[in-house]
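In: here is a sequence together with a model predicted from it:
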Amino acid sequence: MVIAGAEPADSGVRAPVPALEISDLSISLRTGTTDKPLVTDVSLSVGPGEIVGLVGESGSGKSLTALASIGLLPHGVEVRSGDVRFAGESLVKMDRKRLRSLCGSSISMIFQDPLSSLDPCARIGNQIVETIRAHQQVSVAEARRTAVELLDRVGIPRAKERMRSYPYEFSGGMRQRVMIAAALVLRPRVLLADEPTTALDVTTQAGIMKLVQELRSELQMSVIWISHDLGVVGRLADRVAVMYAGEMVELAPTEELFKAPRHPYTAGLIRSGTRLSYGQPFGFVPGTVTEPGHWPQGCRFAPRCDRASEACAAHPALELRGQSALRCVHPLGEEPAP
Amino acid sequence: MSLAAAQPLPVGPSPGRPLALRVAARLVSRANLFWVTGSAILLVGGVAGVVIQVVPSLRHLYLDQNLIATFKPPFSAGHILGTDNLGRDMFWQLLGGLGISLSIGVGVSLISVVLGIVVGIFGGFFGQVADAVTNVVVDVTWAFPAILLAVVFAGWIGPSLTTVVLALALTNWAGFARIVRGEVLSLRERDFVNAARVLGVPKVVISARHFVVNLLPVTMVMIVYFIATSIIGEAGLSFLGLGVQAPTPSLGLILTVGRDYLAISPWMVVLPGVLLALGVLFLNALGDHLRDLLDPFGRIQKR
Amino acid sequence: MTAVAELDDVTKVYRVRGQGVHHVAVDHVSFSVEAGETVGIVGESGSGKTTIARMLLRLTRPTSGRVSIGAMDIWHADRQARKQLPRAVQVVFQDPYASLDPRMTVGASIAEGAKRVFGREHATNELGRLLDIVGLPQRYRDLYPRQLSGGQRQRVAIARALAMQPAVLVADEPVSALDVSMQGQVLNLLNELRRELHLTCVFISHDLGIVRQFCQRVLVMERGKVVEEGNPEEILSAPVHPYTKSLVDSLPRMSW
């Protein structure tokens, strides 16, 4: 069932320009006089209707990258350099008023914990209607109609009655669907999803993933799906970007990434997540992630990499090759390191 | 034995110094000079007040009577804060009274804190029956007026410093026990407590080893609040004649005597009153400040 | 062979006082674990798997049924007999940040239980050996948990459990809170230890993939009941119960 209602901003034209373009984004934490880099030089563009998976572990900076795109960086954390452009406009340099008008209508975000992003004291129907009327000139009745349609579309049974329910009356999975409904009610061009299914059961998770895929097709919406779980992203994304220690280390179409990973960390992640038969040793990446502030000057993955050499003492640059990118001087599939 | 390689982590921030030192360091380094100097003044004053009562050769300072120099106002010759109805120097009387107030405050606090911790942990950690029993005891004690207990003790052992300490301590601890019980209810669910139980560590040892240490921030804040309430309590009981008796100086005593001479000179009422107000105000604010430092999530409630 | 650990028709019901509402966390579950076996319990939140672990560890009292370690009914044994339990069963919890007291050094945590049973001197001597076994450098004994990574804290938790020389190790989601790239380290360590020390292991997880690689037998739980039981390989290739089927279907896709 396709949603009827207001058309997205430039309807009819399938723009070749990326919906969201992150270029050389660097984010750091300001404490007193010191500046601690948390994300350095991240570049990523997402085409219309594309799902890009952003994968990384703790300290990778993946969430911050998304939060910066929508102007939700926590206090003290700031964009140091680089840009995030939406439909040609810079989101980083935009004034708050314009950013707020874009939020929810053109760019939307969903989070891991729907309870903290839905007002627990307001009925969900009212919250969705409020969102609609904050951005569009429609009557309450019309807004309610749209809301009910959307709740129905995301799979909430008896949607009309449930408009009067409070968030706590829903189960985790249902709440997440409500949050998706609230995020998508204005048919945004871009959806940022920060670990939306991590806290859910696997069965519920599958349902949410399917829903997002369908909505992506219906709305031609671009999605950045952030996760620590490479397996989840593997099922969902068209392209996968891997982040490590605040920077992007590999970007490739999904199948290519899994079949032939080039960065040793990507291979390590795949190895760690691959399940074998009984008794086999578990894959892992030796060592531990270095904390922001303790990153080495050269390649940040080198201390844990078995392919590291002296060449890795120089910080490798991000090489772009069409839809892919790689930050490594000794990638897999090429000559083994000396 | 070949094991998965464990790369040593670069050692992080310096190993934990004791909590007390860390708090002290933060208090000083944050340029909280106001709190530090204020507390220092209070402390020095209190110690001085105790010293002049304990050291025989100094007792004359607050005991010397001079019946031709009574009711002198502040800034009189030789008496910076004037004299009382018996010509005794007000400054030393007040200082002595401050010493008594703080000593009682500290004594009551310590007793309340110890009782509160023991009962609170007992109720929170040693089973439902223990909890039910302690709740009843705590509720009854909490509701019991200190004055009534003071009257009973005064009748039994006579009014004195001991009476005040007992009356205040035996009613005060209940509020703290409630707070401790609440803390223990959440602490006992933490996995390191469960692990200790599985390791066979007896509950009493767990309480001492894990709970008390984690209760220190709450305890420190409550001690400061208790000192403040005890000062008021002591002043009140002495004012009513149930507490400290002459010649031991007491702010409440000075107040109650001064009441009769209000027409002649207001200073015997004003000075101890102002000192009491300032002292309690400062202590409450210090408690608030400590609470902001140690308990930003507001689990402690002032009485 | 007597079972090393056994649940016999165990039920746990949580009652909300006065409202008549009750929640059945564990619903008439029975299973036994033989010596040297590694049994996995798989389920999602609300399945009851953690409650079962807590009942085995004598932390949560069952509403009915019998929980035995060896021949002892642990919930009805006298205090004297219960003193044996810490030498029989030990645990590794899920959250490495919560399972160590932040105010105790690593060495003190590891020796906490052992020194009561074996004496302070023995426990201190053993400390060195235990740190070796779990792959931590000796100097870590004086560090505090906040100076360690999640994976290293789990190693400390393992060392603490092994210090008691238990026969049974209950691992409640021991790697779920760790970064994926480090989970393998801890899992391989556990694997090696159970082989060398002939440990019996009850491994609780929501991840059927890990359980398949780690366990010889698995119980699949849903809403307090065991819905399927057997060899993980067989269950994965031919799940019978619809819930198991959905679990298998949602396994992450890592290969193309």
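Out: Looks like it arrived, so ask away.
In: give me the residue from the stretch 101-250 of chain A nearest chain B.
Out: As assessed by CB to the nearest CB, chain B sits closest to residue A:245 within the stretch 101-250 of chain A, at 14.1 Å. Every residue, glycine included, has its C-beta placed from N, CA and C.
In: isn't that residue right up against residue A:300?
Out: Yes. In this structure residue A:245 lies within contact range of residue A:300 using CB atoms under 8 Å: 4.0 Å.
In: what touches both of those two?
Out: Between them, residue A:245 and residue A:300 have residue A:290 as joint contacts when contacts are counted by CB atoms under 8 Å, 6 or more residues apart in numbering or on different chains.
In: helices of the stretch 51-200 of chain C, residue ranges please.
Out: C:79-82, C:85-88, C:106-118, C:120-133, C:150-162, C:180-196 (DSSP state H, counting those that start in this stretch).
In: how about these, which one is nearest chain A?
Out: helix C:180-196 (2.8 Å).
In: when you scan the closest one, is anything in it near chain A?
Out: Yes. For a cut-off given as CB under 8 Å from any CB of the partner chain, helix C:180-196 has contacts with chain A, namely C:180, C:181, C:182, C:183, C:184, C:185, C:187, C:188, C:191.
In: and the fourth one, how far from chain B?
Out: With the distance defined as CB to the nearest CB, to the nearest Å, residue C:183 ends up 11 Å from chain B.
In: residues near the residue in the stretch 151-256 of chain C positioned nearest to chain B, how many?
Out: The stretch 151-256 of chain C approaches chain B most closely through residue C:185 (4.3 Å), counting by CB to the nearest CB. Neighbourhood size, residue C:185 [other CB atoms under 10 Å in any protein chain shown]: 28.
In: check the gap between it and residue C:175 for me.
Out: Counting by CB to CB, to the nearest Å, the gap between residue C:185 and residue C:175 amounts to 9 Å.
In: other residues contacting stretch B:108-122?
Out: B:130, B:134, B:137-138, B:165, B:168-169, B:172-181, B:183-184, B:207, B:211-212, B:215, B:219, B:222-223, B:226-227, B:230, B:233.
In: which bits of the stretch 151-300 of chain B sit near chain C?
Out: The stretch 151-300 of chain B has residues B:190-192, B:194-201, B:209-210, B:213-214 near chain C, with proximity defined as CB under 8 Å from any CB.
In: chain A too?
Out: Applying the criterion CB under 8 Å from any CB, the portion of chain A that neighbours chain C consists of A:57-58, A:201-203, A:205-206, A:228-232, A:234-235, A:255, A:258-259, A:265, A:268-286, A:288-289.
In: buried only: go through these for me.
Out: Applying 16 or more other CB atoms under 10 Å in any protein chain shown to the residues of chain A next to chain C, the neighbour count classes A:57, A:201-202, A:205-206, A:228-232, A:234-235, A:258, A:265, A:268-275, A:282-286, A:288-289 as buried.
In: can you give me the strands in chain C?
Out: With DSSP state E as the criterion, chain C has strands at C:5-15, C:22-33, C:38-42, C:64-69, C:72-73, C:89-92, C:168-172, C:200-205, C:217-222, C:225-230.
In: quick check: which of these is nearest to residue A:251?
Out: When the strands of chain C are compared by CB to CB, strand C:200-205 sits nearest residue A:251, at 31.6 Å.
In: quick one: pLDDT of residue 170?
Out: Picking chain A for this. Confidence per residue is given as pLDDT, and for residue A:170 that number is 85.
In: please refer instead to chain C.
Out: Note for residue C:170: predicted pLDDT of 97.
In: cool, and residue A:1?
Out: We have a pLDDT of 35 for residue A:1.
In: got it, and the one 5 residues further on?
Out: Taken from the predicted model, the pLDDT recorded for residue A:6 is 38.
In: what does residue B:131 give?
Out: The confidence metric pLDDT takes the value 93 at residue B:131.
In: go on, residue A:183?
Out: Per-residue confidence for residue A:183 comes out at a pLDDT of 87.
In: pretty sure it is touching residue A:110, no?
Out: Yes. Applying CB under 8 Å, one finds residue A:183 in contact with residue A:110, separated by 5.0 Å.
In: pick out the residue of the stretch 51-200 of chain B closest to chain A.
Out: Residue of the stretch 51-200 of chain B nearest chain A, by CB to the nearest CB: residue B:191 (19.2 Å).
In: the helix or strand harbouring residue B:229 packs against which elements?
Out: Remark: residue B:229 resides in helix B:212-239, with elements defined by DSSP states H and E. Based on contacts counted as 3 or more CB pairs under 8 Å, 6 or more residues apart in numbering or on different chains; DSSP states H and E, the elements that helix B:212-239 packs against are helix B:19-29, helix B:90-125, helix B:146-157, helix B:161-187, helix B:251-260, helix B:267-294.
In: out of these, nearest to residue A:170?
Out: Between residue A:170 and the helices and strands packed on helix B:212-239, the shortest gap by CB to CB is with helix B:161-187, which sits at 26.8 Å.
In: just give me the neighbour total for residue A:227.
Out: Applying other CB under 10 Å, we find 24 residues neighbouring residue A:227.
In: on that earlier part again, off-centre distance for the helix holding residue B:229?
Out: Using CA atoms, centre = their mean, to the nearest Å, we find the averaged C-alpha position of helix B:212-239 to lie 3 Å away from the chain's own average C-alpha position.
In: what residues sit buried inside that helix?
Out: B:214-215, B:217-239.
In: now do the buried residues in stretch A:28-48.
Out: Neighbour counts using 16+ other CB under 10 Å place A:28-29, A:37-48 of stretch A:28-48 among the buried residues.
In: what's near enough to touch the closest residue to chain B within the stretch 51-200 of chain C?
Out: The nearest approach of the stretch 51-200 of chain C to chain B comes at residue C:113, 2.7 Å away (CB to the nearest CB). Contacts for residue C:113 were tallied using CB under 8 Å, 6+ apart; they are B:196, B:198, B:199, B:200, B:201, C:86, C:160, C:163, C:164.
In: how about residue C:236?
Out: Residue C:236 is in contact with C:208, C:212, C:248, counting by CB under 8 Å, 6+ apart.
In: let's have those residues in CSV, adding distance to residue C:202 and pLDDT.
Out: As requested, those are exported to CSV (distance: CB to CB, whole Å; pLDDT from 0 to 100):
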residue, distance to residue C:202, pLDDT
C:208, 16, 91
C:212, 16, 93
C:248, 22, 89
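In: dihedrals phi and psi, the residue of the stretch 101-250 of chain A closest to chain B?
Out: Backbone torsions of residue A:245, given as degrees, to the nearest 10, read phi 50, psi 50.
In: and it, how far from chain C?
Out: Taking CB to the nearest CB as the measure, residue A:245 and chain C are separated by 12 Å.
In: so, low pLDDT: which residues of the stretch 201-303 of chain B?
Out: Residues of the stretch 201-303 of chain B meeting the criterion pLDDT under 70: B:295-303.
In: ok, 80 please
Out: B:246, B:293-303 (pLDDT under 80).
In: from it, which residue is nearest to chain C?
Out: Of all residues in the stretch 201-303 of chain B, residue B:213 sits closest to chain C, at 5.2 Å by CB to the nearest CB.
In: ditto for chain A
Out: The nearest approach of chain A to chain C comes at residue A:231, 1.9 Å away (CB to the nearest CB).
In: give the contact list for that residue.
Out: A:273, C:251, C:252, C:253, C:254.
In: if I look at the first one, how far off is chain B?
Out: I take that to be residue A:273. 17 Å.
In: returning to that earlier point: how about the helices and strands packed on helix B:212-239 in JSON lines, adding distance to residue A:52 and mean neighbour count?
Out: Output for these, formatted as JSON lines (distance: least, CB to CB, whole Å; neighbours: other CB atoms under 10 Å in any protein chain shown):
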{"stretch": "helix B:19-29", "distance to residue A:52": "44", "mean neighbour count": "12"}
{"stretch": "helix B:90-125", "distance to residue A:52": "50", "mean neighbour count": "23"}
{"stretch": "helix B:146-157", "distance to residue A:52": "68", "mean neighbour count": "16"}
{"stretch": "helix B:161-187", "distance to residue A:52": "41", "mean neighbour count": "22"}
{"stretch": "helix B:251-260", "distance to residue A:52": "72", "mean neighbour count": "21"}
{"stretch": "helix B:267-294", "distance to residue A:52": "44", "mean neighbour count": "18"}
